[in-house]
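> Dropping a prediction and its sequence here:
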Amino acid sequence: MTALLVGLFLATAAISITTNRDVFSPAKFYLVNFVVFFGAALTGSVADGVCALSMLVLAMGTVAALMERGVPRVPAYRQGTLSLCDQTQTTAWIWILTTGPILGQSFLIQRSGGISSFVGSYGSRVLEWQGAGWAVTLMMTVGTLNLCYLAVGLVRRRTVGWWFGFLAHLAITLVIVGLSGSRSAVFGTFVLHLITFHYMRRRVSVATASGVALVLMALALSLGTVRERVSELLEDGLSSIDIAALKLDSFAYGTAPLQLILEADPMPLACGTTFLSALTNPVPRSWWPGKFDSGGIFLTKWYADDAWGGASNMTPTFLGEWVINFGWVVGIAGYVASASLLAWMLARGYRGLLRSIREPRSVDRALDVVLYVCLMWSVAGLMVGEVTNIFVPFFLQRAVPIAAIRFASRVWPGGQLRS
């Protein structure tokens with residue numbers, strides 16, 4: 001079974017490379033994420049049943065690769081289309097909106113009793129930060145705001161002072177996302193910046209993209225170890241880190257929940273309620289104790305016997321969420337249909353992106369690029385995530401800030417968004 005999975009992976013990679021040379025095309029980005037989160041299946045470290053389910057997940061990447069056939073080539077360098085319109089009002093609004101993440105972060109630190117207590121709560125932050133979802137949401141908008149800052153900067157030539165302002169904003173961003181305890185938020189910041197640069201200014205080579213990916217993966221593994229042992233590190237310092245103990249569990253993020261579901265006794269089905277939790281999730285549980293559980297909460301309660309006592313949850317993966325809601329037959333059918341629809345919608349967005357970046361540069365175009373990049377990131381994350389923890393953050397932490405910048409820039413006195 002492993003040989004079949006590896007064969008499908010190589011065939012999908014060959015289709016994607018030969019039909020579309022864009023290094024950040026949706027299919028290639030999907031394949032890279034598959035290696036990161038389903039690497040255990042590719043190495044034969046899982047049971048045949050899990051390997052077969054992993055092949056189904058990979059097949060959606062094959063569908064994405066086939067949908068990219070005939071897309072236009074990404075221009076190598078597009079300096080000649082740069083706008084000369086001054087868009088300082090957009091930058092000003094980005095700084096104004098950044099007060100939200102700063103206030104959210106300050107609230108959580110104060111509520112925890114100081115920075116040391118806040119950092120020490122990482123292992124149980126699901127419980128410790130309960131009821132403060134609004135603050136976490138505000139915090140995590142900072143990554144989108146900084147990405148918009150970069151995209152706007154790439155619209156035209158900027159002064160050294162302007163880029164110093166961007167670097168200051170980037171520093172604030174890294175502090176806030178670093179304090180969130182999320183590895184994906186920290187290293188995703190750099191990945192999203194690289195992809196935005198690729199589509200806004202200059203095509204990134206395969207060698208550069210591969211080098212950045214390897215460095216970020218090594219750092220992510222190290223950060224995972226530091227995060228899990230934060231209390232010990234606060235006492236003993238960084239010298240207590242054992243390189244041999246680096247956490248490699250990210251390569252099984254996709255296979256572990258599928259194995260749990262596959263080996264479990266028959267369980268009650270969620271019957272679609274975990275999908276509906278995307279609508280009820282923004283409501284604090286203290287206001288609505290009986291609100292629907294998300295896929296991760298449902299999976300952990302029923303399939304893992306609430307192993308972490310509510311302090312942490314295991315995400316079921318998009319395929320797994322369909323199964324725990326509707327069973328194997330209907331669940332797999334629903335997964336194939338919905339994943340194919342998402343692949344088709346992303347392919348349409350990708351083609352629209354490639355057409356738009358050939359047009360004259362403007363802040364409006366820059367924000368379109370940021371929205372697409374964030375959407376691609378979210379769809380790939382759904383591979384090992386769940387509907388609620390992927391699409392709710394996409395809407396509140398990505399789409400809303402982008403829309404706010406677009407709207408605010410239009411109503412700024414004397415300013416206009418389009419060049």
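Received it, and whenever you're ready, just let me know what you need.
> and Pro257, what does it touch?
Leu299, Met314, Thr315, Pro316, Thr317, Gly320 (CB atoms under 8 Å, 6 or more residues apart in numbering). The C-beta positions use only the backbone N, C-alpha and C, and glycine is treated the same way.
> Also Ile297?
With CB under 8 Å, 6+ apart, Ile297 has these contacts: Asn313.
> Pull out the buried residues from the helix or strand hosting it.
If you go by DSSP states H and E, Ile297 is part of helix 295-303. By 16 or more other CB atoms under 10 Å, the buried positions in helix 295-303 come out as Gly295, Gly296, Ile297, Phe298, Leu299, Thr300, Trp302, Tyr303.
> now, which of the residues you listed sits nearest Val215?
Val215 lies nearest to Gly296 out of the buried residues of helix 295-303, by CB to CB, at 29.3 Å.
> Check which residues of the one helix or strand Leu167 maps to are buried.
Leu167 belongs to helix 160-179 when assigned by DSSP H and E. By neighbour count on 16+ other CB under 10 Å, the buried set for helix 160-179 is Gly165, Phe166, His169, Leu170, Ile172, Thr173, Leu174, Ile176, Val177, Leu179.
> re the thing from before, take the buried residues of helix 295-303 and lay them out in a markdown table including pLDDT and distance to Tyr30.
Shown next, in a markdown table, are the buried residues of helix 295-303 (pLDDT from 0 to 100; distance: CB to CB, whole Å):
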| residue | pLDDT | distance to Tyr30 |
| --- | --- | --- |
| Gly295 | 91 | 20 |
| Gly296 | 90 | 22 |
| Ile297 | 90 | 26 |
| Phe298 | 92 | 26 |
| Leu299 | 91 | 23 |
| Thr300 | 90 | 26 |
| Trp302 | 89 | 29 |
| Tyr303 | 87 | 26 |
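> List just the nearest of the residues you listed to Met383.
When the buried residues of helix 295-303 are compared against Met383 (criterion: CB to CB), the nearest one is Gly295, at 13.3 Å.
> For the closest residue to the closest one other than its chain neighbours, report the pLDDT, please.
Counting by CB to CB, 6 or more residues apart in numbering, the nearest residue to Gly295 once its immediate chain neighbours are dropped is Glu386, at 3.5 Å. Listed pLDDT for Glu386 reads 93.
> re earlier: quick check, distance from the helix holding Ile297 to the centre of its chain.
Distance, stretch centre to chain centre, for helix 295-303: 21 Å (CA atoms, centre = their mean, to the nearest Å).
> in whichever helix or strand comes after it, what's buried?
Later in the chain than helix 295-303, the nearest helix or strand by DSSP H and E is helix 318-326. For helix 318-326, burial by neighbour count (16+ other CB under 10 Å) applies to Phe318, Leu319, Gly320, Glu321, Trp322, Val323, Ile324, Asn325, Phe326.
> Could you dump these into JSON lines and include distance to Gln130 and pLDDT?
Converted to JSON lines, the buried residues of helix 318-326 look like this (distance: CB to CB, whole Å; pLDDT from 0 to 100):
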{"residue": "Phe318", "distance to Gln130": "25", "pLDDT": "95"}
{"residue": "Leu319", "distance to Gln130": "28", "pLDDT": "96"}
{"residue": "Gly320", "distance to Gln130": "24", "pLDDT": "95"}
{"residue": "Glu321", "distance to Gln130": "22", "pLDDT": "96"}
{"residue": "Trp322", "distance to Gln130": "27", "pLDDT": "97"}
{"residue": "Val323", "distance to Gln130": "28", "pLDDT": "96"}
{"residue": "Ile324", "distance to Gln130": "23", "pLDDT": "95"}
{"residue": "Asn325", "distance to Gln130": "25", "pLDDT": "96"}
{"residue": "Phe326", "distance to Gln130": "29", "pLDDT": "96"}
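> Just put these in CSV and tack on distance to Ala408.
Listed next are the buried residues of helix 318-326 as CSV, based on distance: CB to CB, whole Å:
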residue, distance to Ala408
Phe318, 34
Leu319, 39
Gly320, 40
Glu321, 36
Trp322, 39
Val323, 43
Ile324, 41
Asn325, 39
Phe326, 42
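> which among those residues gets closest to Ser25?
The nearest one, if we look at these relative to Ser25 and count by CB to CB, is Phe318, at 20.2 Å.
> My guess is the closest one contacts Met383. True?
Yes - judged on CB atoms under 8 Å, Phe318 makes contact with Met383 at a distance of 6.4 Å.
> quick one: low-confidence parts of the stretch 251-400 of the chain?
310-311 (pLDDT under 70).
> residue ranges for the helices of it, please.
For the stretch 251-400 of the chain, applying DSSP state H, counting those that start in this stretch gives helices covering 255-263, 273-280, 295-303, 318-326, 328-356, 363-381, 387-393, 400-411.
> For Thr141, which of those is the nearest?
That would be helix 400-411 among the helices of the stretch 251-400 of the chain, by CB to CB, at 4.7 Å.
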